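Peer 1: Quick one, what's the 3D model for this:
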Amino acid sequence: MKHILIVEDNPLNLIYVEIILKKNGYTFDSVDNGEDAYEYFKNNTYDTILMDIKLPIMDGITCTKLIRQYEKDIMMIKPVEIIAVTTVATELLSDIFDKVIIKPFLFGDLLEALK
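Peer 2: Next comes the predicted model:
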């Protein structure tokens, strides 16, 4: 089963995502800002990152760009899948992220994106 990093600063949204993941057998870590997400990424192995866009300390777009640069720097063979989880979708997001999920979303939307 996939190991996921949840990057979400809203406690209610975090609980919602954690419930979905727990019920479906996923393992996960969670952080509430982009700076911590970047450090967790460098020090752990994840199959997928669920990245909120508006975050304290470092936003999700900046964090994702740092992750992608780090992957290039260490010549990572298989980049981690990063899914934007946001209230506003723009074409810019599809250039940076592998997938985009629009809030609010249903259980099935998240599970489909993780397949």
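
Peer 1: which SS class is the most centrally placed residue in the chain?
Peer 2: Nearest to the mean C-alpha position of the chain, counting by Cα atoms, centre = their mean, stands L50 at 1.9 Å. For L50, the assignment made with DSSP: H, G, I helix; E, B strand; the rest coil gives strand.

Peer 1: distance of it from I77?
Peer 2: To I77, L50 is 22 Å away according to Cβ to Cβ, to the nearest Å. Bear in mind the C-beta positions are built from the backbone N, C-alpha and C, glycine included.

Peer 1: what does D9 give?
Peer 2: Using Cβ to Cβ, D9 is found at 31 Å from I77.

Peer 1: So which residues of the chain form helices?
Peer 2: Shown for the chain, the helices assigned by DSSP state H span residues 11-23, 34-43, 60-73, 91-96, 107-114.

Peer 1: wait, isn't the residue nearest to the centre of the chain in contact with I6?
Peer 2: Yes. Between L50 and I6 there is a contact at 5.0 Å, judged by Cβ atoms under 8 Å.

Peer 1: overlap in contacts of these two?
Peer 2: Common neighbours of L50 and I6 (criterion: Cβ atoms under 8 Å, 6 or more residues apart in numbering): V17.

Peer 1: With distance to V85, mean neighbour count and mean pLDDT as extra columns, can I get the helices of the chain in TSV?
Peer 2: Output for these, formatted as TSV (distance: least, Cβ to Cβ, whole Å; neighbours: other Cβ atoms under 10 Å; pLDDT from 0 to 100):
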stretch	distance to V85	mean neighbour count	mean pLDDT
helix 11-23	8	15	95
helix 34-43	12	18	98
helix 60-73	8	17	96
helix 91-96	10	12	76
helix 107-114	8	15	89
